[in-house]
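*Asks:* sequence and predicted structure are below.
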Protein chains: 2
Amino acid sequence: MKKILAELLTIGDEILYGQIVDTNAQWMSIALDKIGVKVIRKTTVGDVEEEILTAFEEAEKRADIILITGGLGPTSDDLTKPVLAKYFNCGLAINQEALAEVTEFFKSRGRELTELNRQQAALPTASEKITNPVGTAPGMWFEKGDKVFMSMPGVPHEMKKMMTDHVLPRLANKYTLPVIYHKIIRTIGLGESYLAEKIAGWEQSLPPHIRLAYLPSLGEVKLRLTCYGESSAMLENEANTSIEKLNEIIGQNIYGYGEDPIEVVIGKTLRSKKLTLSIAESCTGGYLSHLITSVPGSSDYFLGSMVPYAYEIKMRQLGVKPETLEKYGAVSEPTIIEMANIVRAKFNSDIGVATSGIAGPGGATPDKPIGTVWIAYSDKHHTVTKKLQLSKDRMINIRMASMAVLNLMRLSMPE
Amino acid sequence: MKKILAELLTIGDEILYGQIVDTNAQWMSIALDKIGVKVIRKTTVGDVEEEILTAFEEAEKRADIILITGGLGPTSDDLTKPVLAKYFNCGLAINQEALAEVTEFFKSRGRELTELNRQQAALPTASEKITNPVGTAPGMWFEKGDKVFMSMPGVPHEMKKMMTDHVLPRLANKYTLPVIYHKIIRTIGLGESYLAEKIAGWEQSLPPHIRLAYLPSLGEVKLRLTCYGESSAMLENEANTSIEKLNEIIGQNIYGYGEDPIEVVIGKTLRSKKLTLSIAESCTGGYLSHLITSVPGSSDYFLGSMVPYAYEIKMRQLGVKPETLEKYGAVSEPTIIEMANIVRAKFNSDIGVATSGIAGPGGATPDKPIGTVWIAYSDKHHTVTKKLQLSKDRMINIRMASMAVLNLMRLSMPE
C-alpha cells in the first residue's frame, strides 16, 4: 500500500520571530497520525510571497496532502490567499456563500460588516470553499491531480473544528489509508542510554512493521511502539505480546501505558487504596506538592505539605530534633527519616514523603556536592530512604528529585 | 548591509508525530532576532536519512546559518551525526576531548560509561566539537564557505546553554550584523487587549524604526521594543524616552525591564530590604512556593510554607479558627486574612502571604464558581486582600493566582 504523506505548512512572521509558539502543528500531527497519514515535514515561512510560493512547490513534490495554516486575516500582511491564487493560476472572487456566512457571523454578534471583513469572502476561484462555523475566514480545498492543498485559519479552535468536521473525514475517504496502532510505555528510574542498552536485544527482535521510539524527558523515558498493518486488533495483539516480553526485562521500571503521567498514576493508586498523603519538602521547595496538586481531584488523597526551607523551620515548625540536625546536618539520612515520619504523624496521613538536598548553585560542602538529595517514604509498615546524586542545575534537581519521590512511592506503597 | 539569514532545522520523528511540541524553535528565534539575524524558515523533518539530507541542501541554498537541533541521542534512531558526516563528506571518529568530557560527566554522577555513551563522543571529523557542559551529546560547528551549520542537542536546557555560551557570541563575531537595540518592558495586572487599548496612542506615536511586540504569557504581558539604527547608544536613548512616556500611562503595572521574571524581582527586593517571607497556600498547592524557590539563593529570604490542602489541616496544623471556617468557608476574606497572619506569626517572618480558592474542575458552589480565589498579604503594618475571578482551567488558575500574589507583594511591601 502506498503511504500517504502530508506536509504541514505554517505561514506567519509572528511564528518566525518567536512571538507565538505553533501548537497547531502538533495537534494536526496527532490527528493525521491517527488516521494513518504520515507527516513527513513541518515548515514555517514568513509573510513573503516568494517564500510561500517556494514552500508550495517544494511541498507538492514531497507530499500528497499539504495542510496550510495562517495568513488568512483581513490585513494587508496576510498573503496566503493571493499567493494561492497565483500558484493555482486563478483569480480571487467574492464567493457568495462565503459572503453570506461572514455577514451572518457579524450580524449574530451585533457587529457591522466592514469592507475589510467583506474581503474575507474573496477566494481563489480554483478552490472549494470550506465553511468556518466559528470564525470569519473560510477554508479552501484545492485538488491538483491526486494531491490536496487545504488552507485553514491559524486560530487554533477554528482550525481544529475545520479539521475535525471536514478535512479528516474527507481525507480518510479520498485516500486508501493503512491501519496504525500506537502504544506508549512509560518508564521511570532508568536514564535513556541505560534503558536502551538493557532492552537492545528486545528492540532488535521487533518485527520490521513495529517501530520503537525513545521519548525522554526530565525524570522519565517514554517508549512509543508504532505498528503498521491491516487489522487494528491484530496489531494490538502483536504490540501486547511485545510488551509482555519487555515487562520481563524492565517490568520494575514501567509505571503505565498511555497518556497518564506519574503524578496521575500515583493519584489513582492513592484513591483506589484509600490512602492519604502528606509531604515535607525542603530542596524541592513546593514543586513536589505542585505535581501532586496539578491533578484534578487530588484533594481526595492529598492532605497537605510543609516546606521547611529554613533550618529553624525544620526544627520549630516541622519538629526535626535539634540533635539530629546538629549531628548529621539537614541533608542526611537520619534527618530525612525524621521528616517523613513527623509529617505523616502531624498530618495524620497514611503516607509521608520528604526531600532534603542541595539544589544549587549555593550550599555545597566538600562531602555534599550540588545535586546531593535525600528522599524518604514512610507508612505504618516501613520507612524507605534513597540518596540521589543529581546534576549541577537547580531546576533539573528540583524536577528530578520530585520525580524520584513519586517513583519511590510507587515502589513502596502497600499492596 | 546584507541581511544575515538563518534557518532552524529540527530533526525528530517525535515532533513530526506530535509527541512533543518544539519549543526550541521559538527560543532560538527570539535569541537570533536579538542579535540581528533574521529567521526565514523553520523546518522539521523525521529521522530519515534522505529527508535530512534534502533539508540540509535546501537550507544551505536559502540561509547563511543553519541551526540544527535533535537526533543526537545515543540510540539507533538518532541519525543527525551520520547524516552530517555524509553531507560534509567525512567520517565519524571518537573525539578525545569529547570522550574525556562524557566520561567525566558520568563519573561525576557515580555512573559507569557504557559503549552507547562512549559513542556520543564520535563526531564527524569535519566538525569542531562544542562542549555540552550540562549533557552528554556535544555540539558540532561546521563551516562551508561563508555558511555555518551548527548541530545541537534537542534537550532544551542543553541547547540554550550551548547557544548562550557559544553559538550566539560566535555568530555575532563572525558576521556583520545590524545594530539592534532591544528593550523588554515587563507588565503585570493588565490583560493583553486592555493593555493594548490603554497604550494605543503611545504605540502610534512610536517612530517607524521602533517596533513594538506584545508577548503575553499567563499572568503577565511583556512588551518588546526593537529599535533599528546605526548607534546603540542613540537607540538606547530613544527607547528610554519612549519608555518614560509609557511609564506615565501604565507605570503602576510595570514591574521591571529585561530578563528577570517577577519572582526574581521580588526576591531581589526582599533581599535588599532584609525581609523574610512565609507562605500559606491552599489552592495554588505548592506552585507559589515553587516559583519563589526556583530562584537561586531564595533561602536568604524564604523561610518556608504550609500547604494546608485539607480542611482539617487548615485548622489543626495552620491554626485557622474553626468558627471562621464554619461561618465563612475556606474560600473567604476572613479565612485568607487569618491564613496570612497566622503563617507570618508561626514562621516568625516579616511577610506572610496566602491563597485559597476553587482551582477546579470540582469544588464549585453557586456563589463560588471555579476560578474564585482569595489572596492576602500581611506584614506588621497592614494586611491586604484581593478577590480574583479567574478561568475554568485548573492549571491556568494555579499559575494566575500565584502571579497575582507576587504582584500583590510588589504593591504592598514597605518602602
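*Replies:* Sure thing, it's come through.
*Asks:* ok, A:Arg399 to A:Ala359 distance?
*Replies:* Counting by C-beta to C-beta, to the nearest Å, the gap from A:Arg399 to A:Ala359 is 10 Å. Where C-beta positions appear, they are placed from N, C-alpha and C, glycine not excepted.
*Asks:* higher neighbour count, those two?
*Replies:* For A:Arg399 versus A:Ala359, the count of surrounding residues by other C-beta atoms under 10 Å in any protein chain shown is larger for A:Ala359: 30 against 20.
*Asks:* show me where the stretch 51-200 of chain A has strands.
*Replies:* A:65-69, A:92-94, A:122-124, A:128-130, A:139-144, A:147-152, A:179-188 (DSSP state E, counting those that start in this stretch).
*Asks:* for the longest one, which positions count as buried?
*Replies:* Residues of strand A:179-188 classed as buried by neighbour count (16 or more other C-beta atoms under 10 Å in any protein chain shown): A:180-188.
*Asks:* which positions in the stretch 301-415 of chain A make contact with chain B?
*Replies:* A:302-310, A:312-313, A:317, A:346-348, A:359-363, A:389-396, A:398 (C-beta under 8 Å from any C-beta of the partner chain).
*Asks:* now the stretch 1-150 of chain A
*Replies:* A:15-23, A:25-30, A:33, A:39-46, A:51, A:58.
*Asks:* give me the subset of the residues you listed that lies in strands.
*Replies:* The strands, defined by DSSP state E, take in A:39-45 from the residues of the stretch 1-150 of chain A next to chain B.
*Asks:* which among those residues gets closest to A:Pro414?
*Replies:* Nearest to A:Pro414 among these: A:Val39, at 45.0 Å, using C-beta to C-beta.
*Asks:* ok, that closest one touching B:Ile15?
*Replies:* No. With contact defined as C-beta atoms under 8 Å, A:Val39 does not reach B:Ile15; the gap is 9.4 Å.
*Asks:* okay, now the domains of chain A?
*Replies:* Chain A breaks down by automatic domain parsing into domains covering A:5-174, A:179-257, A:262-412.
*Asks:* among those domains, which is nearest B:Asn89?
*Replies:* Using C-beta to C-beta, the nearest of the domains of chain A to B:Asn89 is domain A:5-174, at 24.3 Å.
*Asks:* work out for me the element the residue lying farthest from the centre of chain A sits within.
*Replies:* What lies farthest from the middle of chain A is A:Glu323; by C-alpha atoms, centre = their mean that is 45.7 Å. Assigned by DSSP states H and E, A:Glu323 belongs to helix A:322-328.
*Asks:* elements contacting the very next helix or strand once past that helix?
*Replies:* Going down the chain from helix A:322-328, the next helix or strand is helix A:333-347, by DSSP H and E. Counting contacts by 3 or more C-beta pairs under 8 Å, 6 or more residues apart in numbering or on different chains; DSSP states H and E, helix A:333-347 packs against strand A:277-281, strand A:302-307, helix A:322-328, strand A:351-357, strand A:372-378, strand A:383-389.
*Asks:* how far off strand A:351-357 does helix A:333-347 point, in degrees?
*Replies:* Put simply, helix A:333-347 runs at 140 degrees to strand A:351-357, going by axes from the mean of the first three to the mean of the last three C-alpha atoms, to 10 degrees.
*Asks:* gap between helix A:333-347 and the chain center?
*Replies:* 34 Å (C-alpha atoms, centre = their mean, to the nearest Å).
*Asks:* tell me which of the ones in strands among the residues of the stretch 1-150 of chain A next to chain B is nearest to A:Lys161?
*Replies:* The closest of these, once distances to A:Lys161 are taken by C-beta to C-beta, is A:Val39, at 20.1 Å.
*Asks:* just to revisit the earlier point, check which residues of the helix holding A:Glu323 are buried.
*Replies:* Quick answer for helix A:322-328 (16+ other C-beta under 10 Å): A:324-325.
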